[in-house]
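my questions are about this predicted structure, shown below with the sequence.
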2 protein chains.
Amino acid sequence: MKVTVDAVVFGYTEDELKVLLIGRKFQPFKGMLAFPGGYVLENERARETVTRELKEETNVEVDYLEQLYTFTKVDRDPRGRIITIAYYALVNPSKFNLIADTDASDAQWVSVKEALKGTLAFDHKSILEYALVRLRNKIKYEPIGFDLLSDKFTFNQLHNLYETVLGKTLDRTNFQKKFLKFGILVPTKEKADIVTAGKKPKLFYFDKKKYEKMKKSGFLFDI
Amino acid sequence: MKVTVDAVVFGYTEDELKVLLIGRKFQPFKGMLAFPGGYVLENERARETVTRELKEETNVEVDYLEQLYTFTKVDRDPRGRIITIAYYALVNPSKFNLIADTDASDAQWVSVKEALKGTLAFDHKSILEYALVRLRNKIKYEPIGFDLLSDKFTFNQLHNLYETVLGKTLDRTNFQKKFLKFGILVPTKEKADIVTAGKKPKLFYFDKKKYEKMKKSGFLFDI
DNA sequence: CCAAAAGTGTTACAAGTACACCCATGA
DNA sequence: TCATGGGTGTACTTGTAACACTTTTGG
């Protein structure tokens, strides 16, 4: 039996949730869009395969990486019996230049909405749906949204991100108060350098170390 | 690369959380305690392997079964490169007579506390720890505790179960009110046939169909 | 000056918590 | 009849949701 990994890498740009897809250079599913991934080698663990393949195929190094699910349907790969361990990851797309290589003819950020409308190679559409559900659940109980944003961000950006991922509106002022009460966001003295019709918003950053400490002493993040 | 499955089957008896373990009949780890499990065959998916091996090795058929995590550490099995897809399951132990067979010299319900103190074959101790964390989280957000109890149960039994699994005390009266308000527990006219120092408690059952409907229309179980 | 976005405050209601208290049972 | 566990009620605290209001900015 052969074992592969697949990486569902989420990014957030232009107020939209994106996913990193490559064009397949070889058969099967040549020319179609698919997740970066590949065979788990004899002397590496699955997580290592994911980071290696991501670097090789797209030049991306992810901030947040978590195992998603292992897909074992018997006929999921036309090459034979191949199971895949799917991972999902979060990254700020502006950090990297996508460079396609090895098995990939190109690498691009595709809107999740569009990706779900079209066709993907293998069972990758099911995997994407599964990953999206996981992301939506996880972002409510763990402060992982920051891995999709720049180090410093405005409340408006965070708010938009949450509304986009969760697919529903959240009261702006209550969202802000809730986050501030947690005490894991640090205000800076800087104001965002963006064109706006109104007041210049403050920039915040996420105090990850403080959050880890609080979590250890029983604090539960919950948006 | 070879692929196995391992099943962490939880049960609840004598006010204690138990796990189903077998004695290993063959090398490696001959004579030690381990989870039921075995190789994924070429023409079956992992979930099928789990139910098949559980039936073969212990005569147990589980009510609730969910994939837990795939463990891929390179040296986790002395026989070579073998990754394992771990599942966890919930069952009411009183429903089955344990019958050990094939690879198992015996099958028994072991207190989770004891199992974590002792030594298990392979990396099964890590897997058990991982499964326990998952169970504790899951039982808060999904009404899966009922799969550990008989079809009809008293509030005291449910309350004890939750306190045992979560490892903390929960106010008896508030626990009851919260559950009743959900509307997923149906009171029967029967009273439990148990010796008690006080009042005879009513028996309830869990209305799974109603819960599924409510869940579809947006209801979130949360204890 | 005014529209738009950021930031702050207020109020009404729902939910959670901590108990007190009564009831039924069997030793 | 009394200790024990089951069952119910209530006051208090906390959290949530909705929205009004003020401030700052650029055109």
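Received it, and whenever you're ready, just let me know what you need.

for the rest of this, base every contact and every neighbour count on C-alpha atoms.
Will do.

A:F204 - nearest residue in space that isn't next to it in sequence?
A:P187 (4.4 Å; Cα to Cα, 6 or more residues apart in numbering or on different chains).

phi, psi for the one you found please.
phi -80, psi 140 (degrees, to the nearest 10).

how about the one 5 residues further on?
Its backbone dihedrals place A:A192 at phi -60, psi 140, with angles given as degrees, to the nearest 10.

same question for A:D6.
The phi/psi pair for A:D6 (degrees, to the nearest 10) is phi -130, psi 140.

over to A:T164?
Residue torsions, per degrees, to the nearest 10, at A:T164 are phi -70, psi -50.

for it, what are its contacts?
By Cα atoms under 8 Å, 6 or more residues apart in numbering or on different chains, the contact set of A:T164 is A:D15, A:E16, A:L17.

packing partners of the worst-scoring helix or strand of chain A on mean pLDDT?
Using mean pLDDT, DSSP states H and E, strand A:104-111 stands out as the lowest-scoring helix or strand of chain A, at a mean of 91. For strand A:104-111, the elements it packs on are strand A:16-24, helix A:46-58, judged by 3 or more Cα pairs under 8 Å, 6 or more residues apart in numbering or on different chains; DSSP states H and E.

so for A:Q157, which of those sits nearest?
With Cα to Cα as the measure, strand A:16-24 is the member of these nearest A:Q157 (11.2 Å).

return the distance of the longest helix seen in chain A from the chain's centre.
The residue-count maximum for a helix in chain A (DSSP state H) belongs to helix A:124-141. Computed by Cα atoms, centre = their mean, to the nearest Å, the chain-centroid distance of helix A:124-141 equals 10 Å.

confirm A:R76 sits in a strand?
No: A:R76 is assigned coil when assessed by DSSP: H, G, I helix; E, B strand; the rest coil, not a strand.

that one contacts A:H124, correct?
No: applying Cα atoms under 8 Å, one finds A:R76 not in contact with A:H124, separated by 9.7 Å.

the two: which is more packed in?
A:H124 (19 against 16; other Cα atoms under 10 Å in any protein chain shown).

burial measure for A:K138, as a count.
Other residues close to A:K138 by other Cα under 10 Å number 14.

dump the residue contacts of A:M32.
Counting by Cα under 8 Å, 6+ apart, A:M32 has contacts A:G23, A:R24, A:T119, A:L120, A:A121.

and chain A, what are its domains?
A:2-138, A:144-216 (automatic domain parsing).

dump those domains into a markdown table; add distance to B:D106 as well.
Putting the domains of chain A into a markdown table (distance: least, Cα to Cα, whole Å) gives the following:
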| stretch | distance to B:D106 |
| --- | --- |
| domain A:2-138 | 29 |
| domain A:144-216 | 39 |
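
let me know which of those domains is tucked in deepest.
domain A:2-138 (a mean of 19; mean count of other Cα atoms under 10 Å in any protein chain shown).

close to DNA strand C, is that one?
No: Domain A:2-138 lies out of reach of DNA strand C by Cα under 7 Å from any atom of the strand, never closer than 13.0 Å.

nearest to DNA strand D, of the domains of chain A?
Across those, DNA strand D has its closest neighbour in domain A:144-216 (3.6 Å, Cα to the nearest atom of the strand).

so for that closest one, mean pLDDT?
On average, the pLDDT along domain A:144-216 is 95.

which residue ranges form the strands in chain A?
Ranges of strands in chain A, per DSSP state E, are A:2-13, A:16-24, A:33-34, A:37-39, A:64-71, A:82-90, A:104-111, A:152-153, A:185-191, A:202-206.

make JSON lines out of the ones you listed and add distance to B:T72.
Formatted as JSON lines, the strands of chain A follow (distance: least, Cα to Cα, whole Å):
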{"stretch": "strand A:2-13", "distance to B:T72": "11"}
{"stretch": "strand A:16-24", "distance to B:T72": "25"}
{"stretch": "strand A:33-34", "distance to B:T72": "23"}
{"stretch": "strand A:37-39", "distance to B:T72": "13"}
{"stretch": "strand A:64-71", "distance to B:T72": "11"}
{"stretch": "strand A:82-90", "distance to B:T72": "10"}
{"stretch": "strand A:104-111", "distance to B:T72": "25"}
{"stretch": "strand A:152-153", "distance to B:T72": "36"}
{"stretch": "strand A:185-191", "distance to B:T72": "36"}
{"stretch": "strand A:202-206", "distance to B:T72": "32"}
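
possible to save the ones you listed as CSV with distance to DNA strand D?
Listed next are those as CSV, based on distance: least, Cα to the nearest atom of the strand, whole Å:
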stretch, distance to DNA strand D
strand A:2-13, 23
strand A:16-24, 23
strand A:33-34, 38
strand A:37-39, 39
strand A:64-71, 26
strand A:82-90, 26
strand A:104-111, 28
strand A:152-153, 17
strand A:185-191, 8
strand A:202-206, 10
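
residues of chain A that sit close to DNA strand D?
Residues of chain A lying near DNA strand D (Cα under 7 Å from any atom of the strand): A:D171, A:T173, A:N174, A:K178, A:V195, A:T196, A:A197, A:G198, A:K199, A:K200.

pull the most distant pair out of those residues.
A:K178 and A:V195, at 26.6 Å, using Cα to Cα across the residues of chain A next to DNA strand D.

list the contacts of A:A46.
A:V5, A:V40, A:I85, B:T72.

one more pass at 7 Å, please.
Neighbouring residues of A:A46 by Cα atoms under 7 Å, 6 or more residues apart in numbering or on different chains: A:V5, A:V40, B:T72.

any idea how far the residue nearest to A:D101 when sequence neighbours are not counted is from B:D123?
The spatial neighbour of A:D101 that comes closest, neighbours along the chain excluded (Cα to Cα, 6+ apart), is A:E57 at 4.7 Å. When distance is defined by Cα to Cα, to the nearest Å, A:E57 is 32 Å away from B:D123.

ok, now A:P28?
Counting by Cα to Cα, the gap from A:P28 to B:D123 is 36 Å.

for A:K208, same thing?
Distance from A:K208 to B:D123, by Cα to Cα: 31 Å.

isn't A:A100 right up against A:V60?
No: contact between A:A100 and A:V60 fails when scored by Cα atoms under 7 Å: they sit 10.0 Å apart.

I'd say A:L90 and A:V62 touch.
Yes: if you go by Cα under 7 Å, A:L90 and A:V62 touch, sitting 6.4 Å apart.

contacting residues for the residue lying closest to A:F29 once chain neighbours are set aside?
Leaving aside its sequence neighbours, A:F29 sits nearest to A:A121 (Cα to Cα, 6+ apart; 5.7 Å). Applying Cα under 7 Å, 6+ apart to A:A121 gives the contacts A:F29, A:M32, A:L33, A:A34.
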